[in-house]
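S.K.: Got a predicted structure plus its sequence, pasted below:
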Number of protein chains: 2
Amino acid sequence: MPDRPAKTAKSQRTRAAILKAAQELFAEQGYERATLRDIAARAAIDPAMVIRYFGSKEGLFARATAFDLKLPDLTAVPTDDIGATLVAHFVDVWEGSLSNGSLISLLRAAASSDDAANAIRMIFGGQVVPMLARVVPPMELPMRAGLVATQIMGLAVTRYILKVPPVVAMDRAQLVKLLGPTMQRYVVGKL
Amino acid sequence: MPDRPAKTAKSQRTRAAILKAAQELFAEQGYERATLRDIAARAAIDPAMVIRYFGSKEGLFARATAFDLKLPDLTAVPTDDIGATLVAHFVDVWEGSLSNGSLISLLRAAASSDDAANAIRMIFGGQVVPMLARVVPPMELPMRAGLVATQIMGLAVTRYILKVPPVVAMDRAQLVKLLGPTMQRYVVGKL
DNA sequence: CGCATATGTCAACGTTCGTTGACTTATGGG
DNA sequence: CCCATAAGTCAACGAACGTTGACATATGCG
């Protein structure tokens, strides 16, 4: 039973407040440790409201982690720039300048939830693979998409979850320079 | 207050049984979802025994995730084989032929626990970085170690946690061939 | 203005968790 | 063989969780 109230203008503001608080706490603590009471407290409302708005904790999580990677059209970027473009784009996605920080929530949750892991697989299958399909021969598509996944998810895990110091210390330009060639090879290079 | 009983021979068998059950369940479900009751049930003993043996759930987790990566001496492998050697070694570690599967437990737990994330950082600082230090100039050491971390952790996450199909489908030889060059560049290549 | 309806509050529920203490049973050295 | 000591059992605890229903308040259309 998803969602209930969404009629007036004020309700949509509190609804947005709940979503924002949920995204923050899910991203910081993962699904289990982020409690409805904490989320409600951050949104300055009653825990019961969260249930009234989103039906359940799982329903809230589903809404809080729905998003769009806004991936670029690779046929529009010079072949030699594909790797750098992708690294830069994903850093932007995770840093929150594109979308919100909810991919980190999903990643955290995926560590202990098959549903969340499946959600990430769906995102890859529905967004990353189609993007690559435009510049990669079909036969190599699954393998190259998988390789891209290993490097992109590895960056996310070490930088935003494990917080490995040298990875955290790198800025956007460094990441593009260092990881770009890897991504380039995984997408269009010799394997 | 760590550990208590470890006197007789039979006690060490049940102690080992608890540890094994804990490693399995922590690896399968992560720290929060793996309950002491489930662990005790799998070990066929009383939940109270887990506390008597390991003091607390956190104590058990600390014991269940202590391990040695058994990293090779890189000065003993041909420079051109370093990347392939490392990829093969880490696959073995995760697959469980070396050590046990407890690195996956730690990785899962790190998604929602700063302590677990810190434990992984300690492992990298205490085992991976010293290994690389023997073949990498000190100035480049942190950066190269960080890059290695992104690719290694990315492989672990996509293959053993997210279970991205094409990554799961690759066998050891394929992984070595595909990821080896990346690792090679991160350790000794031009950046 | 009046009142139906949406929004928000409050207290409590049932469950599950980690943990504890008192108890019973098995073990092995003197 | 005895009995101190260890291993193992059992029931219960307090706390925290997601969720619920009854109730109070605010909103906005007629």
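M.R.: Looks like it came in fine.

S.K.: To what extent is residue A:72 buried, counted in neighbours?
M.R.: 14 (other CB atoms under 10 Å in any protein chain shown). Heads up, the C-betas are built off the backbone N, CA and C, glycines and all.

S.K.: Tell me how far it lies from residue A:134.
M.R.: 10 Å (CB to CB, to the nearest Å).

S.K.: residues in chain A within reach of DNA strand D, list them.
M.R.: Contacts of chain A with DNA strand D, taken as CB under 7 Å from any atom of the strand, map to A:8-10, A:34-38, A:47-48, A:50-51, A:56-58.

S.K.: farthest-separated two in these?
M.R.: A:9 and A:35 (28.7 Å; CB to CB).

S.K.: Which one's more surrounded, the two?
M.R.: Using other CB under 10 Å as the criterion, residue A:9 and residue A:35 rank with residue A:35 on top: 13 against 6.

S.K.: got the residue ranges for the strands in chain A?
M.R.: Taking DSSP state E, chain A contains no strands at all.

S.K.: Going along the chain, name the helices of chain A.
M.R.: Listed in chain order, the helices of chain A (DSSP state H) span A:9-33, A:36-42, A:47-54, A:57-64, A:82-95, A:102-110, A:114-123, A:129-133, A:141-156, A:165-169, A:172-188.

S.K.: can the ones you listed go into JSON lines with extra columns for distance to residue B:26?
M.R.: Compiled in JSON lines, these are given as follows (distance: least, CB to CB, whole Å):
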{"stretch": "helix A:9-33", "distance to residue B:26": "14"}
{"stretch": "helix A:36-42", "distance to residue B:26": "24"}
{"stretch": "helix A:47-54", "distance to residue B:26": "29"}
{"stretch": "helix A:57-64", "distance to residue B:26": "22"}
{"stretch": "helix A:82-95", "distance to residue B:26": "27"}
{"stretch": "helix A:102-110", "distance to residue B:26": "16"}
{"stretch": "helix A:114-123", "distance to residue B:26": "16"}
{"stretch": "helix A:129-133", "distance to residue B:26": "32"}
{"stretch": "helix A:141-156", "distance to residue B:26": "21"}
{"stretch": "helix A:165-169", "distance to residue B:26": "25"}
{"stretch": "helix A:172-188", "distance to residue B:26": "31"}
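
S.K.: Tell me which of those sits nearest to chain B.
M.R.: Chain B lies closest to helix A:141-156 among the helices of chain A, at 2.0 Å (CB to the nearest CB).

S.K.: what about that closest one, distance to the chain center?
M.R.: Helix A:141-156 sits 14 Å away from the centroid of its parent chain (CA atoms, centre = their mean, to the nearest Å).

S.K.: What residues of that helix count as buried?
M.R.: Neighbour-count burial for helix A:141-156, counted by 16 or more other CB atoms under 10 Å in any protein chain shown, picks out A:141-156.

S.K.: thinking again about what came up before, make a PyMOL selection of the buried ones in the residues of chain A next to DNA strand D.
M.R.: Buried subset of those, written as a PyMOL selection, criterion 16+ other CB under 10 Å:
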select buried, chain A and resi 34+36+38+50+51+57
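
S.K.: Can you tell me which of the residues of chain A next to DNA strand D comes closest to residue B:117?
M.R.: Closest approach between the residues of chain A next to DNA strand D and residue B:117, by CB to CB: residue A:34, at 16.1 Å.

S.K.: Please report how far the residue lying closest to the closest one once chain neighbours are set aside lies from residue A:49.
M.R.: In space, and not counting its chain neighbours, residue A:34 is closest to residue A:25: 4.0 Å by CB to CB, 6 or more residues apart in numbering or on different chains. Between residue A:25 and residue A:49 the distance is 15 Å, computed by CB to CB.

S.K.: for residue A:57, what are its contacts?
M.R.: Neighbouring residues of residue A:57 by CB atoms under 8 Å, 6 or more residues apart in numbering or on different chains: A:36, A:50.

S.K.: Tell me where the model's unsure across chain A.
M.R.: In the predicted model of chain A, residues A:1-7, A:9, A:97-101 satisfy pLDDT under 70.

S.K.: what domains does the record give for it?
M.R.: Per the TED database, the domain ranges recorded for chain A read A:5-64, A:74-188.

S.K.: The ones you listed: which one's closest to DNA strand C?
M.R.: For the domains of chain A, proximity to DNA strand C was assessed by CB to the nearest atom of the strand; domain A:5-64 is nearest, at 2.5 Å.

S.K.: ok, the closest residue to residue A:86 other than its chain neighbours - how many residues close by?
M.R.: Take residue A:86 and drop its neighbours on the chain: the residue closest to it by CB to CB, 6+ apart is residue A:183, 5.1 Å away. Here the count is done by other CB under 10 Å, and residue A:183 has 25 residues near it.

S.K.: Cheers, nothing more for now.
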